[in-house]
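**Student:** I would like the atomic coordinates for the input below:
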Amino acid sequence: GRRFYTERRFIDKAGLSSQKCRLRNNAIAIVSISEGCLGSCSFCATRFARGRLKSFSMEKIVDEVKSAVKSGFREIQLTSQDTGAYGLDRGKAMLPELLRKISEIEGDFRVRVGMMNPQYAVKILDDLIEAYSSEKIYKFLHIPVQSGDNRVLEDMRRNHTVEDYIEVVEAFRKSFDDVLISTDIIVGFPTETEEAFWGSYELIKETRPDIVNITRFSPRKGTPAARLKDMPGWIKKERSRKLTELMRKVGLENNRRFMGKEVRVLITKEGKNGKNLARMDSYRAVVTEGEIGEFVKVKIKDCRFNYLLGSPLS
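**Tutor:** Here you go, the predicted structure:
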C-alpha cells in the first residue's frame, strides 16, 4: 500500500510565527487558515483569548496543503474560529477563492471545511456552493445556529437570523445530493423562554441536521451574558434531554436512506475491534475494514444515528 509520512512540519502563519502543523494521524493534516473572529457573541469568551480576526496568507495556506498532500496525507482539515469570515480583515471574503485554489492541487485527497457562522455563509452563498462543487471538498457544512428564536439570537448578539441559517441549509441541500449538515444549539440561555426553546426544537425537526451539538448554557466570567439571571439547572437539563432525543431520531432517519447503497469512502482513523472509521464524500461516518489512508468501496449494511456500518466490496 501507499506509504504515509508522519514527520512534523513547520509553517509560518502569515508571518506571525513559525508554528507546528498539527497532525491528527498519518492520514489527516490540520491547517489553520485564521485566528480570532469578528463576532461579539454575548456568551463567548473566545474573543478575549484569541483577539480580532487575523487571516493567514492564502499563498502560504495553499503551500501548506500542497506539502501535506505531497507527504501522503489524504484528508486536509481547514480550521478557524469562523472559516466563513476568512479574508474579511483583508478587505473581502476569500474562503471560496481559497477552496478553488486548494482544489487545483494535484492528488487524490479530501478537504473538510471547518465551522462557519450563518452571517458570513449567507453573504457568500453562491460562490461557496460553486467552490464546494469540487470532488475534493467534502459536502460537509458546520453552521451553528445556536437558537431557533430570533429574539434569543439578538440577545446572544449572533448577528444572524433563523432565516439566514435556513437559507444556507436549503441552498446546500438543493445543490448536492448528499450534504452533511452539522449545527450547534445552546439550551437554557438566560432569555430563552419555553416558547423560544420550542422554536429551537421545531427548527431541528424541520431542517433535520445530521449532527446537533447541544450545549447547556454556562455563564463565562466577563461576558455580557454572565450578567443576566441564570435559569435553574433542571430546566436546562430537561431541554437538553428533549433536544437530544429529537437529534438521535432525526439522525437515525437520515442515515437509514443509505441502507443497501454502495459508496466510496476514505478510511481516516483507527477504530475498535479491527474496524476503522471512514468518510463518505459528504463526510458521513462509516465504520468498516481497510487500511488507513485508502479509498475503498463499501456496501452499507446497518446504521446508527451518528454513523453507518459498511462491508468492503472486492
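**Student:** contacts, neighbours, all on C-alpha from now
**Tutor:** Will do.
**Student:** so which bits of stretch 173-186 are buried?
**Tutor:** Neighbour-count burial for stretch 173-186 flags 178, 179, 180, 181, 182, 183, 184, 185, 186 (criterion: 16 or more other CA atoms under 10 Å).
**Student:** for the fifth one, list the residues it contacts.
**Tutor:** The contact partners of residue 182, by CA atoms under 8 Å, 6 or more residues apart in numbering, come to 140, 141, 142, 143, 144, 209, 210, 211, 212, 213.
**Student:** list the contacts of the fifth one.
**Tutor:** Same thing as residue 144. 115, 116, 117, 118, 182, 183, 184, 185.
**Student:** looking at these, which are in strands?
**Tutor:** 182, 183, 184, 185 (DSSP state E).
**Student:** need the buried ones from the contacts of residue 182 selected in PyMOL.
**Tutor:** Only the buried entries of the contacts of residue 182 go into this PyMOL selection, using 16+ other CA under 10 Å:
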select buried, resi 140+141+142+143+144+209+210+211+212
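**Student:** among the contacts of residue 182, which ones are in strands?
**Tutor:** Per DSSP E, the contacts of residue 182 map to strands at 140, 141, 142, 211, 212, 213.
**Student:** quick check: the third one touching residue 181?
**Tutor:** Yes. Assessed by CA atoms under 8 Å, residue 142 is found in contact with residue 181 at 6.1 Å.
**Student:** helices and strands around the strand or helix carrying residue 66, which ones?
**Tutor:** Secondary structure assignment for residue 66, by DSSP states H and E: helix 58-70. Counting contacts by 3 or more CA pairs under 8 Å, 6 or more residues apart in numbering; DSSP states H and E, helix 58-70 packs against strand 10-12, strand 28-32, helix 95-103.
**Student:** remind me, longest helix of the protein?
**Tutor:** helix 233-256 (DSSP state H).
**Student:** what does the following helix or strand past that helix contact?
**Tutor:** Next along the chain after helix 233-256, taking DSSP H and E as the criterion, comes strand 262-270. Identification of contacts with strand 262-270 by CA under 8 Å, 6+ apart yields 25, 27-28, 74-75, 276-281, 286, 290-300.
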